[in-house]
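1. Give me a 3D structure for the following:
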Amino acid sequence: MPSLEDVRAIAATLPGSEERATTGGAAWFVRNRLYAWEAHPWPSVPADIRAIIEREPVFVVKVASEEDKLAYREGWPDVFLRQTTGWSEPKVAFRLAAVAPDLLVELITDGWYSRAPRYLRREFDG
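-> Sure, this is the predicted structure:
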């Protein structure tokens, strides 16, 4: 089962990525642009989703498009939660305990890629 330390290790491999503590937990940024974070059970989160977040680790990552968001949610319905809040879309929320290690790498990397400036994406691709 993946852990917060696994998320940290993946994010540490991405150029320009930095971890910051936020009021909701850990969050990762690339050049001051948020790309991944620990979900927090804010009052604005629907009650059923908030109950899951209170019970187990849930992470959120930015995705490039609404189509990507839907593809993740439809492809792995037991991993991804429906929308948590309306801010910072498009994004996906996922249950850390349910995500496969290779999918976790893909999610964190894709989140970073969707927010990183072109020169860092080139560095990563090169």
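
2. all helices of the chain, in order?
-> For the chain, applying DSSP state H gives helices covering 4-12, 47-55, 66-75, 101-115, 118-125.

3. Closest to the centroid, which residue in this protein?
-> The centroid of the chain falls nearest to residue 61 when counting by CA atoms, centre = their mean (2.2 Å).

4. Let me know how buried the closest residue to that residue other than its chain neighbours is, in neighbour terms.
-> Leaving out its chain neighbours, the residue that sits closest to residue 61 by CB to CB, 6 or more residues apart in numbering is residue 111, at 3.4 Å. Any C-beta I mention is one placed from the backbone N, CA and C, and that applies to glycine too. Residue 111 has 28 neighbours, counted by other CB atoms under 10 Å.

5. Residue 111 contacts residue 37, correct?
-> No: applying CB atoms under 8 Å, one finds residue 111 not in contact with residue 37, separated by 9.4 Å.

6. Find the residues that touch each one of those two.
-> residue 28 (CB atoms under 8 Å, 6 or more residues apart in numbering).

7. Give me the distance between residue 25 and residue 17.
-> Counting by CB to CB, to the nearest Å, the gap from residue 25 to residue 17 is 16 Å.

8. out of these two, which sits in the busier spot?
-> When neighbours are counted by other CB under 10 Å, residue 25 and residue 17 differ, and residue 17 comes out ahead with 22 against 14.

9. ok, residue 20 - contacts?
-> Residue 20 neighbours (CB under 8 Å, 6+ apart): 26, 27, 28, 29.

10. Next step: those residues restricted to strands.
-> Among the contacts of residue 20, the members found in strands (DSSP state E) are 26, 27, 28, 29.

11. just these now: which is nearest residue 88?
-> residue 27 (10.9 Å; CB to CB).

12. okay, now that closest one: neighbour count?
-> 19.

13. now the helices of the chain in JSON lines, with mean pLDDT and distance to residue 86?
-> Shown next, in JSON lines, are these (pLDDT from 0 to 100; distance: least, CB to CB, whole Å):
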{"stretch": "helix 4-12", "mean pLDDT": "97", "distance to residue 86": "24"}
{"stretch": "helix 47-55", "mean pLDDT": "95", "distance to residue 86": "13"}
{"stretch": "helix 66-75", "mean pLDDT": "94", "distance to residue 86": "13"}
{"stretch": "helix 101-115", "mean pLDDT": "97", "distance to residue 86": "18"}
{"stretch": "helix 118-125", "mean pLDDT": "95", "distance to residue 86": "27"}
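
14. If anything else comes up later, I'll come back, but that's it for now.
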